[in-house]
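Q: Just a sequence and a predicted model for now, questions to come.
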Amino acid sequence: MSKLTERRRDNQQWMLDWIIKTTGRVQNFAYDNRVVPPEVKSYAQIHRIADKHGRHVISIAEGAEAAGHTTTAAELYWAASEHYREAQHTIFEDDNPEKIYLHGMLLKCFDKVMQYADHPIERVEIPFEGNYIQGVLHMLPGRPKAPTVVFCPGMDMTKEAFIDALHHPFVARGMNCLHLDGPGQGTSNIRKIRVTLDNYERAGSAAIDYLSERPEVDADQIAVSGFSMGSYWGMRLAARDKRVKAVATAAACYGPKTAIFEQASPRFKQVFMYMAGIHDEDEFDAFADQMVLDDVAGDVTCPALQVTGEYDPLAPLETVLPIYEKVAGPKELWVIENDFHNPRNRPNFGGIDFFGFLADWLNDALAGKYGPGHKKEIMVSEHGDGGPYVAQMEGGFNLPERVGAKPGLNADQLGPAGIIGG
C-alpha cells in the first residue's frame, strides 16, 4: 500500500510541507535551527537535496585525502554521513532504490570515518535470531579492556549518528561504546528486521553476549545509554538484563506514546509503522498502546539516570514522573528547564554537547557512587548556576511547589458556600 494513503495522518502532509518550508525541520518544531537545507520547500525534496549536499562534501573530502589531510577528510566524511543519514530516513518503504542508494552512501562515508579516526572503530555483526544486527564499536586507543556502553539510538538516528564519532564523549572518558542499529533502525531496516514490542531488548542482550567475548570489554562493567526512543529501549534492556550495571538515558520517551504518534509531527508515526512492518493503522495504534514501561520499570535495579525536557512535547513531564517513581534501583531525574526534546548544546549544560554528562554519570555509577536508596531530582536551570551539579530540589516540579505557594483553594476562591457539586 502506498505510504500516501496508508495512515490517516498522511492527510496532514500539506501541513508538514509548509512547516518544513518555513522552519527547515520535520519534527521538534520548538527549536529555531534548521535541519534541512534552505532550498527544501517540501518533504519530497529532502532526500535528493541532501544527496546533492552530501556529494559536494564528499568532493572536498576526496581533495583532503589526496592532499594527505586525513583528519580534515575524516571530519568531512562525518559531515557527509550526516547528510545521508537524514536523506535515507525520509523514505519509509522497502526495496526503494533511492533509499538503498542513500543508505549505502551513509555506510560508505562512515567507512572513511572509521579509517581516519584517532581511536579504533569497527563495524560489527551481532548474531540475532537467525540474522545479524549491525553495530559500530568505538574503542579506546590501544584497545585496553575497559567498561563498555551499549548505546540505543532514537528512531530518527542510526548507529553512525549523533554521538560524535571523531570526538566521542564516552571514549574520551575511558569507556568503549557500541552503537546499535537495533530492530527497525538503519541497516536493520534494509535487512527487514522489524521492531516488535520486545525484540529490541533481546537484541540488546545479544549485543551484551557479543561484547562479553571481546577482549577489549570488561564484561563486569557494562552500561546502557539511550536517546529519544532509545531511552525507552534502553530502560527495557536494563530491566531485562541484569548484566547491565547502570543506565543513563535522555530525551525521554518513557511514558505513553500518544503524544509522539498522535499529537506531534506525522513523520513519527509514518516512520515507526515502517520500522514495525505494520501497514494497518488500527493495528499499529493497538501496538503503540502497549509501548509502555509501567510493567518493567520496577525491574530496573541498577543505578538509573533519566533526563527529560520540562516541555518535551513527545513525553510530557506528567507521564515521565510515574515511570521514574517505579524504578527500583538508585535513581536520578534531571528536568531541563525550558527545554523540549533535545538537550544537546543547550545553555542548561553550558552550551556543550550533552552526552559527556551522561558518560560522567555512568562512570560514577560503575565506580559505585550511587548506593541503595539513592534518589535525587533536580531542575537543570537554563541560565542559573550549577547546571546538573546542584542539590536536590525543594518541593516538586509543578508550579505551586516550585514557587513555594500554599496548595489548594483560598477563601476567596471557595466563597461562602465552598464548592458545591462537581
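A: Yes, it's here.

Q: check contacts around the residue nearest to E75 when sequence neighbours are not counted.
A: In space, and not counting its chain neighbours, E75 is closest to L166: 6.3 Å by CB to CB, 6 or more residues apart in numbering. All C-beta atoms are positioned from the backbone trio N, CA, C, and that covers glycine. Taking CB atoms under 8 Å, 6 or more residues apart in numbering as the contact definition, L166 lies against A74, E75, W78, V113, A117, D118.

Q: Which pLDDT does the model give L166?
A: With respect to pLDDT, L166 has a value of 97.

Q: coming back round to it: mind telling me the two of the contacts of L166 farthest from one another?
A: W78 and D118 (12.5 Å; CB to CB).

Q: Neighbour count: the two, which is higher?
A: Counted by other CB atoms under 10 Å, W78 and D118 do not tie: W78 has more neighbours, with 23 against 13.

Q: wait, isn't that one in contact with A165?
A: Yes. Using CB atoms under 8 Å, W78 is in contact with A165, at 5.8 Å.

Q: Output the below-cut-off pLDDT ranges for the stretch 51-200 of the chain.
A: In the prediction, the stretch 51-200 of the chain carries no residues with pLDDT under 70.

Q: rerun at 80
A: 162 (pLDDT under 80).

Q: Do a quick rundown of the helices in it.
A: Using DSSP state H, counting those that start in this stretch, the helices of the stretch 51-200 of the chain run over 70-89, 97-116, 169-172, 186-190, 199-212.

Q: distance between the second one and the chain's centre?
A: Same thing as helix 97-116. Relative to its chain's centre, helix 97-116 lies at 21 Å (CA atoms, centre = their mean, to the nearest Å).

Q: Any buried residues in that helix, and which?
A: The neighbour-count check on helix 97-116 (16 or more other CB atoms under 10 Å) flags K99, L102, H103, M105, L106, L107, C109, F110, K112, V113, M114, Y116 as buried.

Q: do the same with the third one
A: Along helix 169-172, these residues count as buried under the neighbour rule (16+ other CB under 10 Å): P169, F170, V171.

Q: quick one, what contacts the first one?
A: For P169, the residues meeting the contact criterion (CB under 8 Å, 6+ apart) are I163, D353, F355, G356, L358, A359.

Q: Equivalent analysis for the last one, please.
A: When the contact criterion is CB under 8 Å, 6+ apart, the partners of V171 are H119, H138, M139, L140, C177.

Q: surely the fourth one meets G174?
A: Yes. With contacts counted by CB under 8 Å, L140 reaches G174, the gap being 6.8 Å.

Q: the more surrounded of these two?
A: Legend: neighbour count by other CB under 10 Å for L140 and G174, higher for L140 (22 against 13).

Q: For that one, which non-adjacent residue is spatially closest?
A: Once flanking residues are discounted, L140 sits nearest to A146: 5.3 Å by CB to CB, 6+ apart.

Q: For the one you found, give its distance to I121.
A: Using CB to CB, to the nearest Å, A146 is found at 15 Å from I121.

Q: Next one: A286 from E201, what distance?
A: In this view, A286 and E201 are 20 Å apart by CB to CB.

Q: out of the two, which sits in the busier spot?
A: E201 (23 against 11).

Q: circling back to that earlier point, residues shared between the contacts of L140 and G174?
A: A146.

Q: what's next to the helix or strand harbouring Y324, contact-wise?
A: Element membership of Y324, judged by DSSP states H and E, is helix 317-326. Outside helix 317-326, the residues within contact range by CB under 8 Å, 6+ apart are 235, 252, 254-256, 259, 293-294, 297-298, 306, 308, 310-312, 331, 333, 335, 377, 397.

Q: Inside strands: which ones of these?
A: In strands, defined here by DSSP state E, the members of those are Q306, T308, K331, L333, V335, E377.

Q: is it true that the fifth one touches M379?
A: Yes. Assessed by CB under 8 Å, V335 is found in contact with M379 at 5.2 Å.

Q: Between those two, tell me which one has more neighbours.
A: For V335 versus M379, the count of surrounding residues by other CB under 10 Å is larger for V335: 24 against 19.

Q: Mind pulling up the pLDDT for that one?
A: pLDDT, V335: 97.

Q: Enumerate every residue touching it.
A: Applying CB under 8 Å, 6+ apart, the residues contacting V335 are T308, G309, E310, L317, E377, I378, M379, V380, F397.

Q: Select from those the one having the most neighbours.
A: Most surrounded of the contacts of V335: other CB under 10 Å gives T308, at 31 neighbours.

Q: I'd like the contacts of P169 written out as a markdown table, with neighbour count, distance to S205 and secondary structure added.
A: Listed next are the contacts of P169 as a markdown table, based on neighbours: other CB atoms under 10 Å; distance: CB to CB, whole Å; DSSP: H, G, I helix; E, B strand; the rest coil:
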| residue | neighbour count | distance to S205 | secondary structure |
| --- | --- | --- | --- |
| I163 | 26 | 21 | coil |
| D353 | 16 | 29 | coil |
| F355 | 24 | 23 | helix |
| G356 | 16 | 27 | helix |
| L358 | 26 | 21 | helix |
| A359 | 24 | 22 | helix |
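
Q: okay, A146 and I121: which has more neighbours?
A: I121 (24 against 17).

Q: how near is that one to D164?
A: 12 Å.

Q: How about V195?
A: Distance from V195 to D164, by CB to CB: 26 Å.

Q: Which one's more surrounded, those two?
A: Neighbour comparison, V195 and D164: the larger count goes to V195, with 25 against 13 (by other CB under 10 Å).

Q: Which residue is the nearest non-sequential neighbour of that one?
A: Using CB to CB, 6+ apart, the closest residue to V195 is G184 (3.2 Å).
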